[in-house]
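Chemist: Just need the structure, nothing else, for what follows:
(one chain, ligands or ions: 3)
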Amino acid sequence: MSAQTELRSWVESANGHPDFPLANLPLGVFSLDGDAPRGGVAIGDYIFDLAAACDAGLFADAALEAARSAAASSLNAFFARGASARLALRTGLYELLGEHSAQRTRLQAMGEMLLKPMNQCQLHLPARVGDYTDFYVGIHHANNVGKLFRPDNPLLPNYKYVPIGYHGRASTIDVSGAPVRRPNGQTLPAGASEPVFGASKRLDYELELGIWIGPGNARGEAIPIGEAAAHVAGFCLLNDWSARDLQAWEYQPLGPFLSKSFATSVSPWVVLPEALAPFRCAQPPRPAGDPQPLPYLFDERDQQLGALDIELEVLLLTEAMRAQGLPAQRIALSSTQNMYWTVAQMVAHHSVNGCSLQPGDLFGSGTLSGPSADSCGSLLEVTEGGKRALELPSGETRTFLEDGDEIILKARCRREGYPSIGFGECRGRVLPASAAAAR
Ligand SMILES: O=C(O)/C=C/C(=O)CC(=O)CC(=O)O
Ligand SMILES: [Ca+2]
Ligand SMILES: [Mg+2]
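Modeler: Numbers count the residues shown, from 1 in each chain. Ligands and ions are numbered 1, 2, ... in the order given. Below you'll find the model as predicted:
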């Protein structure tokens, strides 16, 4: 695609925008000045108001139907419509927002009615999440964490056969910017034989890719792997906040429970699969020599697509850094290339037993650490279980998160010859535990 010129927009701030050029067009739900939340599209420094555009008669036919469902106060109905609605909407948006739009003069005159300054808007959770499942497909994370929790048996024998996951908690999913209260719970102090109750002392983040589910399946009807892509509505950043001391005490034999159910943060913009299509790397996600997946988990086309190629970043901003005027410090740079299982394999596996997936369900990929120390997706790994403190430009050190610390996740896709696109941010700041800890 010689798209650099074709993909220019008359919305000037979109051209060269680090996250939201015309090639991206992610969907979200926003409100302005306390008005009703509604669907919008990020373009440069603005949000294109889909309800206002529909009311102004800017869309027709399939694009109008798609825009109407994406203009609602949640994107569930739009997700349910699948790829044809996304394509119709994207085509309509290109026609309206492209540099050579036939309607450019009219749209520019409508200015403020259609384009809302993003920095004045409030962004909401883009969909009602019915169910949330967190996978474990970051193989470096699985190895690193396995070594810490189970030194004798880090990567369990099922890992290369089953996309491992646990059922998360949908009621505590927040959009970026919502604070995260340090949880209280049971922990087993080092050397003790009985647990104590109190605020977690080992609060951590997890760098993950979020996957929004589209049409989904009826109960009892598994989604074949070759059709799995049709059930993926889009992608976001996800932080699976984790209390490692609660986790270490509670997780056997059924897996994480209260150590992860107190908060999960997601970025507000849903990056559509069509926008991500160019960003794949040739390397297949499964190294040669590893066991062949069972047939329901194998699709030649899915393997040939290669791994998603999205750069992922974690930044930390402490209160002292804020007070000293220091910028957030990057503490990890990783990539979705570290996913051992593909998104299609996750969808096929999740539904193979007849479990139904529904529009607006959310998957977490699992923590996407890379192989090196500067690409770890959690503090547990960065500090080797709290043994090696992380040094910060403020002169502070961290093993786990302190109250007031803010974690910022970012993601970007780059490829020669294509405009790069970004996901925006997923932020969360730690609040002190509630007084219940004193009881
Ligand atoms: O017991 C373990 O090996 C570790 C489990 C997790 O940390 C669970 C989790 O959230 C998976 C992930 O993010 O990759
Ligand atoms: Ca996780
Ligand atoms: Mg969580």
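Chemist: Can you give me the neighbour number for the residue in the stretch 51-200 of the chain that ligand 3 sits nearest to?
Modeler: With CB to the ion as the measure, residue 168 is the residue of the stretch 51-200 of the chain nearest to ligand 3, at 5.7 Å. Using the backbone N, CA and C atoms, a C-beta is placed for each residue, glycine as well. Number of residues near residue 168 (other CB atoms under 10 Å) recorded here: 22.
Chemist: With residue 87 instead?
Modeler: Using other CB under 10 Å as the criterion, residue 87 is surrounded by 15 other residues.
Chemist: Same question for residue 38.
Modeler: The number of residues packed near residue 38 is 20, by other CB under 10 Å.
Chemist: Check the spacing between it and ligand 3 real quick.
Modeler: 28 Å (CB to the ion, to the nearest Å).
Chemist: Spell out the secondary structure type for the residue nearest to that residue when sequence neighbours are not counted.
Modeler: Leaving aside its chain neighbours, residue 38 sits nearest to residue 51 (4.9 Å; criterion: CB to CB, 6 or more residues apart in numbering). Here residue 51 is recorded as helix under DSSP: H, G, I helix; E, B strand; the rest coil.
Chemist: on that earlier part again, per-residue confidence for the residue of the stretch 51-200 of the chain closest to ligand 3?
Modeler: Per-residue confidence (pLDDT) for residue 168: 97.
Chemist: Can you name the residues that contact the residue nearest to residue 38?
Modeler: Each residue near residue 51 by CB atoms under 8 Å, 6 or more residues apart in numbering is listed here: 38-39, 71.
Chemist: one more time with 10 Å, if that's ok
Modeler: 36, 38-40, 67-68, 70-73 (CB atoms under 10 Å, 6 or more residues apart in numbering).
Chemist: what does residue 235 give?
Modeler: When contacts are counted by CB under 10 Å, 6+ apart, residue 235 touches 26, 209-212, 267, 269-273, 275-276, 308, 310, 336, 343, 363, 365, 411, 423.
Chemist: Please identify which helix or strand holds it.
Modeler: strand 232-239 (DSSP states H and E).
Chemist: check whether that strand contacts ligand 2.
Modeler: No. Strand 232-239 stays clear of ligand 2 (CB under 5 Å from the ion), getting no nearer than 8.2 Å.
Chemist: What strands line up against the very next helix or strand once past that strand, and which way round?
Modeler: Helices and strands here follow DSSP H and E; after strand 232-239, the next one along the chain is strand 242-243. With DSSP bridges as the test, strand 242-243 is paired with strand 203-204 (antiparallel).
Chemist: which residues touch the strand it pairs with?
Modeler: Applying CB under 10 Å, 6+ apart, the contact partners of strand 203-204 are 180, 182-183, 239-247, 259-260, 262-263, 367, 377-383, 386, 399-403, 405, 407, 430, 433.
Chemist: Which residues are in contact with residue 207?
Modeler: Counting by CB under 10 Å, 6+ apart, residue 207 has contacts 138, 141, 237-240, 312-314, 331-334, 338, 365-369, 375-378, 407, 409-411, 426.
Chemist: Please list which of those are also close to ligand 1.
Modeler: 138, 141, 240, 366-367 (CB under 6 Å from any ligand atom).
Chemist: quick one, helices of the stretch 201-350 of the chain?
Modeler: 244-250, 273-276, 300-305, 319-323, 343-351 (DSSP state H, counting those that start in this stretch).
Chemist: And the fourth one, how far out from the chain middle?
Modeler: Right, the one you point to is helix 319-323. Distance, stretch centre to chain centre, for helix 319-323: 27 Å (CA atoms, centre = their mean, to the nearest Å).
Chemist: and it, what other elements does it pack with?
Modeler: On a contact count with 3 or more CB pairs under 10 Å, 6 or more residues apart in numbering; DSSP states H and E, helix 319-323 meets strand 406-415, strand 418-431.
Chemist: can you list contacts of it?
Modeler: Contacts for helix 319-323 (CB under 10 Å, 6+ apart): 326-329, 392-396, 402-406, 429-430.
Chemist: Mind doing that once more with 6 Å?
Modeler: 394, 396, 404 (CB atoms under 6 Å, 6 or more residues apart in numbering).
Chemist: Quick check: residues of the chain near ligand 1?
Modeler: Counting by CB under 6 Å from any ligand atom, the chain sits next to ligand 1 at 134, 136, 138, 141, 145-146, 149, 206, 240, 251, 256, 260, 366-367.
Chemist: Quick one, which of those are buried?
Modeler: Buried members of the residues of the chain next to ligand 1, counted by 16 or more other CB atoms under 10 Å: 134, 136, 138, 141, 145-146, 149, 206, 240, 256, 260, 366-367.
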